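[1] please find the sequence and the predicted model below.
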Amino acid sequence: FMKRSTGIHQCTVCDWEFDEKKGDSFMIGGLVKPDTPFADLPSNYRCPTCRASKDQFQEVTETIPGFEVNQGYGLGTNSMTSGQKNLLVFGGLGAFFVLFLGGYALS
């Protein structure tokens, strides 16, 4: 299984999540602007809620089923997470069911 970064780092002390897309400027006293990678934060960066140090953060990853070498094949479905694949399969079945019932409504 392949792991893909989500761009979110979670504090292991208080479970606050640092999202690289948002930064922490929306927090009181937050100085990190949006689109700042976690690796570019200063070494003295602290969690805005519990003041834990930067090394107390853990990267949140998502698991993609399949081998890493096969991720480029197919119609893009090889790089989908299992939740996205479930939504695609069962959403397609639901859409077919609604379409099938719609055929009965025509007669």
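    Alright, I've got the coordinates.

[2] and the longest strand for this structure?
    In terms of residue count, the longest strand belonging to the chain (DSSP state E) is strand 2-11.

[3] in terms of secondary structure, what does it contact?
    Using 3 or more Cβ pairs under 8 Å, 6 or more residues apart in numbering; DSSP states H and E, the elements in contact with strand 2-11 are strand 17-19, strand 57-64. Heads up, the C-betas are built off the backbone N, CA and C, glycines and all.

[4] can you redo those as JSON lines with distance to residue 42?
    Listed next are the helices and strands packed on strand 2-11 as JSON lines, based on distance: least, Cβ to Cβ, whole Å:
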{"stretch": "strand 17-19", "distance to residue 42": "13"}
{"stretch": "strand 57-64", "distance to residue 42": "13"}
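
[5] ranking these by burial, who's on top?
    Among the helices and strands packed on strand 2-11, ranked by average contacts under mean count of other Cβ atoms under 10 Å, first place goes to strand 17-19 (a mean of 18).

[6] now the helices and strands packed on strand 2-11 as JSON lines including distance to residue 79 and mean pLDDT?
    As requested, the helices and strands packed on strand 2-11 are exported to JSON lines (distance: least, Cβ to Cβ, whole Å; pLDDT from 0 to 100):
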{"stretch": "strand 17-19", "distance to residue 79": "21", "mean pLDDT": "90"}
{"stretch": "strand 57-64", "distance to residue 79": "6", "mean pLDDT": "89"}
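
[7] quick one: which of these is nearest residue 88?
    strand 57-64 (14.1 Å; Cβ to Cβ).

[8] so what strands line up beside the closest one?
    Strand 57-64 has the following strand partners under DSSP bridges: strand 2-11 (antiparallel).

[9] and the partner strand, how far out from the chain middle?
    Here the centre of strand 2-11 is set off from its chain's centre by 7 Å, with Cα atoms, centre = their mean, to the nearest Å.

[10] now stretch 23-33
    That offset, for stretch 23-33, works out to 21 Å (Cα atoms, centre = their mean).

[11] I appreciate the help and will end here.
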